[in-house]
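Asker: Here's a sequence, model it:
(one chain, ligands or ions: 2)
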Amino acid sequence: MTALTTPLPRLVGDRTAKALAKLGIETAWDLLRHYPRRYGEPGRLTDFTDLPVGDHVTVNAMVVRTSMRSTRNPRTAMLDVTVSDERRELLLRFFGGRGLLASREKQLRGGRVGLFTGTVEEFGGRRMLKNPDFRFVDDEEDTEAAALEQSRPIPFYPASAALPTWRIRGAVQTVLEPLHEADVPDPVPFSILQREKLPTLLEALRLVHAPGSEEDWRRGRERLRYEEAFVLQTALAVRRAEAEATAATARPARAGGIREAFEARLPFTLTQGQQEVVAELSTELARPWPMQRLLQGEVGSGKTVVALLAMLQVVDAGGQAALLAPTEVLAAQHARSITGLLGPLAEAGMLGGAEDGTRVTLLTGAMPAAARKAALLAAASGEAGIVIGTHALLSENVQFAELGLVVVDEQHRFGVEQRDALRAKAATAPHLLVMTATPIPRTVAMTVFGDLETSTLREIPAGRSPIRTFLAPATNARWTERTWQLAREEIDDGGRVYVVCPRITSQDDDVEADLLADTPDPADSALTADSARTADSARTADSARTADSARAAGGGRGGATPARPLAAVDEVAALLREHPVLDGVAVGELHGRMSPEDKEATMAAFASGQVPLLVTTTVVEVGVDVPEASVMVIMDADRFGISQLHQLRGRIGRGARPGTCLAWTTAQEGTPAMTRLRAFEGTTDGFELAQVDLEQRREGDILGAAQSGRGSSLRLLRVLTDTTTIEKARWDARALVDRDRMLLDHPALLAAITEQLDPERAEFLDRA
Ligand code: ADP
Ligand code: MG
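Answerer: Ligands and ions are numbered 1, 2, ... in the order given. As a prediction, the model looks like this:
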């Protein structure tokens, strides 16, 4: 039995083990993978400028002076100790019995340097740590060891009040010291280590946990970072290889089929980019293994028609296609527009329908029972060649006669599991096409969708009208009046106007209720969840990163807490109905709490022009297509993320009318919110905006948004910046999987994949 298999309480003691468990550390392995968050330079004091109130912090500081104070109780006292970082001072205040405090005072002599840890409080305008825990390096009995210790970087671990960083360090050393190379199987093959001149896993663990110099921990981290990328890329390569080894029904294009008939009917010619992707899809559908493709394309780049051509090819070859949309509104719209595009081709078996046609069926969770039953039957019998729906398509009672292709529109809400659930509905694996309008940087795509091949539509079809964007100060009456004047003019001229609000009703405290329910991008909308999470971790972790995120969540999104309440759909609609400039204009309301039929009816009234002004939440964000829509007013625009704003703006300028987007805001110049809005104002290029967005967002958001659990295995790897590492790892992983698809010759790698990426399965193995 090595230190790695010994239960943690036996190694470090029950009390420490219990405190470690609170940090999520259950095993010796977990402990070794609990890397220091940062390192203090030997002899360098911690800068006090960045000690946010409420954070649990550890500082390396020098004692300046102490002063004992009496309290009302004669047996207790208060000891004030002032420590310094050589520029600023911080107060440490100890409470307790006089005897104890007297011995503290003796220990805390002026001039001594040590580590102090506690939660930062605000006291009379000064920052203070109450009853902090502390430790002096030169307390060590062995002076030689102490001297050595003082020359090394100080590792700072993510810690808790119950378990200061130096006790974690002690526990780590207990586990690490007795280990030999043979105890620590390395998931990275030796040949790669040699080529890259990287240390082994054990060496790397020693380098990060007990570095002798800065160079040491940097080298250790580099290796561990590569390992993270490599393990993840191997898992993805295996997934991809498994899919390629899976049989699928080949669905080659057929001459004289629906697809050809449809192409002949198309009212426009495909752009060069569309043609290329269509050809790519056509070839891959004709192969006897499943296509696995991600289609990225700017808002309005015409992804739907590309997908439709692929779906028709499959229908021509005797299969069915399922189109999965993130919201009811979008599913209904797809059904409507696809039925429209197909015309008689979608009316097989009906009077006047094309002989060789098919049927399009909508299937959503909230449909009336009878319609739902009919839709289920159409899917199961194969009568419907194209089935369009929401998550409802994933439910167990949905069956297909011959599912040949799954298309997922706006991928954000669909994780790997859901992709799999739908694919499991076919006897042989169906082909898969995932579409996204949010440009994803290459390395993120490689990490999150590493099992998919990527195509990109960069071009926007000609004839699209330009959109002008203006930031409007929400407090300036001239701007606001001008906005409604413009709305009126557009409507009189046959246009349509969207007014987007962050809240549904004025009574809502929960601003995000609707955003969470209806936007496809949780990273952008989960403001509340985000700050809750931050508060949570702030309580347990001693963390620079926590402090960062607290600031990002608090001040980043909104810029400043707005003094007035955020715009709500009901209020704004009421206001506009009364507004003299809009006299006689019908004003509609749309939000995620409406029933699907109501939403559908409202969208139809808007599309037809019956209700030309629509006050709405972000339900209209994705994919909604009304060509006459030309004006978009976004209220409290600083409350929305960049990709949301970009998606919203994509709703206008889709037809012949030039679009105008007015983003109302109270954000101050120089805030992150304003940086976002200025970028939004300055360009309509989604790739450029995505870059700004990514710079402002945190890693966890990016991975978490598209792929829950998996991101958690990444401790050191930064998907945005570690481009070279990820690319190299991907290359190595694919080469290895080509030779050894089942990883039979790489047991340590296989174990790492199951442990790190598939905790449930690992648990299962433990039990077996
Ligand atoms: P998105 O990529 O955002 O999903 P859509 O597929 O909704 O974009 O396409 C936007 C609009 O452009 C639709 O009305 C569609 O019919 C139209 N469209 C698609 N391709 C072309 C093209 N090559 N030329 C002109 N219009 C096109
Ligand atoms: Mg679309």
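
Asker: hey, which helix or strand in the protein has the poorest pLDDT?
Answerer: When each helix and strand of the chain is scored by mean pLDDT, DSSP states H and E, helix 527-540 comes last, with a mean of 28.

Asker: Can you classify Val434 as helix, strand or coil?
Answerer: strand (DSSP: H, G, I helix; E, B strand; the rest coil).

Asker: Does it touch Met291 like I think?
Answerer: No: Val434 is beyond contact range of Met291, at 10.6 Å (criterion: Cβ atoms under 8 Å). Glycine gets a C-beta too; all of them are placed from N, C-alpha and C.

Asker: who has more neighbours, those two?
Answerer: A count of neighbours by other Cβ atoms under 10 Å puts Met291 above the other of Val434 and Met291, at 25 against 21.

Asker: Check whether that one really touches Leu432, as I assumed.
Answerer: Yes: at 6.2 Å, Met291 and Leu432 qualify as touching, with contact defined as Cβ under 8 Å.

Asker: joint contacts of these two?
Answerer: Residues within reach of Met291 and of Leu432 at once, by Cβ atoms under 8 Å, 6 or more residues apart in numbering, are Leu405.

Asker: Could you tell me which residues of this protein lie near ligand 1?
Answerer: With Cβ under 6 Å from any ligand atom as the criterion, the chain meets ligand 1 at residues 268, 270-271, 274, 297, 299-305, 437, 461, 463, 623, 625, 654.

Asker: which residues are in contact with the host helix or strand of Leu100?
Answerer: Here Leu100, judged by DSSP states H and E, is contained in helix 98-107. For helix 98-107, the surrounding residues in contact (Cβ under 8 Å, 6+ apart) are 66, 68, 75-79, 81, 94, 96, 136.

Asker: Any chance of the residues you listed in a markdown table with pLDDT and neighbour count as columns?
Answerer: Converted to a markdown table, the contacts of helix 98-107 look like this (pLDDT from 0 to 100; neighbours: other Cβ atoms under 10 Å):
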| residue | pLDDT | neighbour count |
| --- | --- | --- |
| Thr66 | 92 | 20 |
| Met68 | 90 | 14 |
| Arg75 | 84 | 9 |
| Thr76 | 86 | 14 |
| Ala77 | 89 | 20 |
| Met78 | 91 | 14 |
| Leu79 | 93 | 21 |
| Val81 | 94 | 24 |
| Phe94 | 92 | 21 |
| Gly96 | 88 | 15 |
| Phe136 | 82 | 15 |
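
Asker: so of these, which ones are in strands?
Answerer: 66, 68, 76-79, 81, 94, 96 (DSSP state E).

Asker: I'd like these as JSON lines, with distance to Met635 appended.
Answerer: Output for the ones in strands among the contacts of helix 98-107, formatted as JSON lines (distance: Cβ to Cβ, whole Å):
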{"residue": "Thr66", "distance to Met635": "56"}
{"residue": "Met68", "distance to Met635": "58"}
{"residue": "Thr76", "distance to Met635": "56"}
{"residue": "Ala77", "distance to Met635": "57"}
{"residue": "Met78", "distance to Met635": "52"}
{"residue": "Leu79", "distance to Met635": "54"}
{"residue": "Val81", "distance to Met635": "52"}
{"residue": "Phe94", "distance to Met635": "52"}
{"residue": "Gly96", "distance to Met635": "55"}
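
Asker: Looking at those residues, which is nearest Arg15?
Answerer: Of all those, Gly96 has the smallest distance to Arg15: 20.8 Å, by Cβ to Cβ.

Asker: Am I right that the closest one is in contact with Arg75?
Answerer: No: applying Cβ under 8 Å, one finds Gly96 not in contact with Arg75, separated by 9.9 Å.

Asker: In the stretch 551-700 of the chain, what residue lies closest to ligand 1?
Answerer: Taking Cβ to the nearest ligand atom, ligand 1 has its nearest neighbour within the stretch 551-700 of the chain at Asp625, 5.0 Å off.

Asker: Give the full set of residues in contact with that residue.
Answerer: Counting by Cβ under 8 Å, 6+ apart, the residues that Asp625 touches are 333, 337, 651, 654.

Asker: How about the backbone phi and psi for the first one?
Answerer: With angles defined as degrees, to the nearest 10, Gln333 shows backbone torsions of phi -70, psi -40.

Asker: same question, the second one
Answerer: Backbone torsions of Ser337, given as degrees, to the nearest 10, read phi -70, psi -30.

Asker: Quick check: Phe190 vs ligand 1, distance?
Answerer: 47 Å (Cβ to the nearest ligand atom, to the nearest Å).

Asker: ditto for Leu198
Answerer: 43 Å.

Asker: wait, doesn't that residue sit right on Phe190?
Answerer: No: if you go by Cβ under 8 Å, Leu198 and Phe190 don't touch, sitting 10.1 Å apart.

Asker: what about the stretch 651-768 of the chain, any weak spots by pLDDT?
Answerer: 694-713, 756-768 (pLDDT under 70).

Asker: at 80 instead, please
Answerer: 654-656, 686-688, 690-714, 718-721, 755-768 (pLDDT under 80).

Asker: Leu198 and Phe190: who's more crowded?
Answerer: Neighbours per residue, other Cβ under 10 Å: of Leu198 and Phe190, the larger number sits with Leu198, 20 against 9.

Asker: Thanks again, I'm all set now.
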